[in-house]
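In: sharing a sequence plus its predicted fold:
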Amino acid sequence: MSDMNIVCLDLEGVLVPEIWIAFSEATGIPELKRTTRDEPDYDKLMNFRLEILKQHGLGLKEIQDTIATIDPLPGAREFLDELRELTQVLILSDTFTQFAKPLMKKLGWPTIFCNTLEVAGDGTITGFRMRCEKSKYTTVRALQSIGFSTIASGDSHNDLGMIQASKAGFLFKSTDAIKKEYPELPAYETYDELLAAIKAAL
C-alpha cells in the first residue's frame, strides 16, 4: 500500500443527495431537477438554474434553508471515516462553498475543493466562479504532477475526466445511460463495494 495515493470523490449523488433535486422538491419547481447527469455542459446548466431562480425571486437563503435539512446518504459518513483512516481523501465537487459547508460539517469536515457563488447584498445569486476549467480533471492532473497517484469515483458526466485520468476509477450510483456509454468503467451501488474496490487499488 502506497502512501502516495489520494482518493478523489464527487460529493452530490455519491456522499450526499443532489442539492438541486432537494431544492426542486422543496420549491415545487420541476425544472430545477436537472443535474450534471442530464446536462454535461455545466455552464449551460448553472445559467439555466440562475435564470429560474430569478424568475421565482429565490436566492441563497432559500437554498441554504433546504440544505440545512439534507443529511448525508445512509452510510456515507462511515464510509468516509473508514477511507480516511486508509489514505488521503479529497472531495472534488462542482458545487459551491456557500452550499457545501453545512454538509461538510455533517461529514466530519473532510477537505473539499469546489467553486464559489457571486451573491448580491440582498441574497440574489448573480453569478458563479469556477475554480478552474474542467476542475475535477485539472485537479487530478495537478495532484499527479506533484507525485500523487489518484483513485477517483463519481456518478455524473463531469466526473468522467477525473475517473478516466486516474490509476483506478469507478462509477458510483450512476445512471444506466452513463454506465451503458462507459462499459469499461467498473460501476458500484454500495459503499462496501466501492470501499473494497478502492482498497484493492491502493
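Out: Everything's here; your move. Numbering: from 1, shown residues only.
In: for the protein, what's the longest helix?
Out: Counting by DSSP state H, the longest helix found in the chain is helix 42-56.
In: who are the contact partners of the nearest residue to residue 188 once chain neighbours are set aside?
Out: With sequence-adjacent residues excluded and distances taken as C-beta to C-beta, 6 or more residues apart in numbering, residue 188 is closest to residue 194, at 4.7 Å. Every C-beta, even on glycine, is put in place using the N, C-alpha and C of the backbone. Counting by C-beta atoms under 8 Å, 6 or more residues apart in numbering, residue 194 touches 79, 153, 170, 172, 188.
In: mind redoing it with 7 Å?
Out: By C-beta atoms under 7 Å, 6 or more residues apart in numbering, the residues touching residue 194 are 153, 170, 172, 188.
In: so what's the second one up against?
Out: Okay, so that is residue 170. 153, 163, 185, 186, 188, 194, 197.
In: cool, and residue 98?
Out: Residue 98 neighbours (C-beta under 7 Å, 6+ apart): 60, 117, 119.
In: cool, residue 71 as well?
Out: residue 106.
In: and it, what element?
Out: Counting by DSSP states H and E, there is no helix or strand that carries residue 71.
In: so for the strand or helix carrying residue 23, mean pLDDT?
Out: Using DSSP H and E, the element containing residue 23 is helix 19-27. Helix 19-27 carries an average pLDDT of 96.
In: what does stretch 52-62 contact?
Out: The contact list for stretch 52-62 (C-beta under 7 Å, 6+ apart) reads 27, 29, 31, 32, 98, 117, 119, 123, 124, 125.
In: closest to residue 179 out of the residues you listed?
Out: Set against residue 179, the nearest of the contacts of stretch 52-62 by C-beta to C-beta is residue 32 (24.8 Å).
In: my read: the closest one touches residue 23, true?
Out: Yes - in this structure, residue 32 is within contact of residue 23 by C-beta atoms under 7 Å, at 5.8 Å.
In: quick one, phi psi at residue 174?
Out: The phi/psi pair for residue 174 (degrees, to the nearest 10) reads phi -90, psi -180.
In: swap that for residue 8, sorry
Out: phi -110, psi 120.
In: how far does the helix or strand harbouring residue 93 sit from the chain's center?
Out: Assigned by DSSP H and E, residue 93 belongs to strand 88-96. Distance of strand 88-96 from its chain centroid, counting by C-alpha atoms, centre = their mean, to the nearest Å, is 6 Å.
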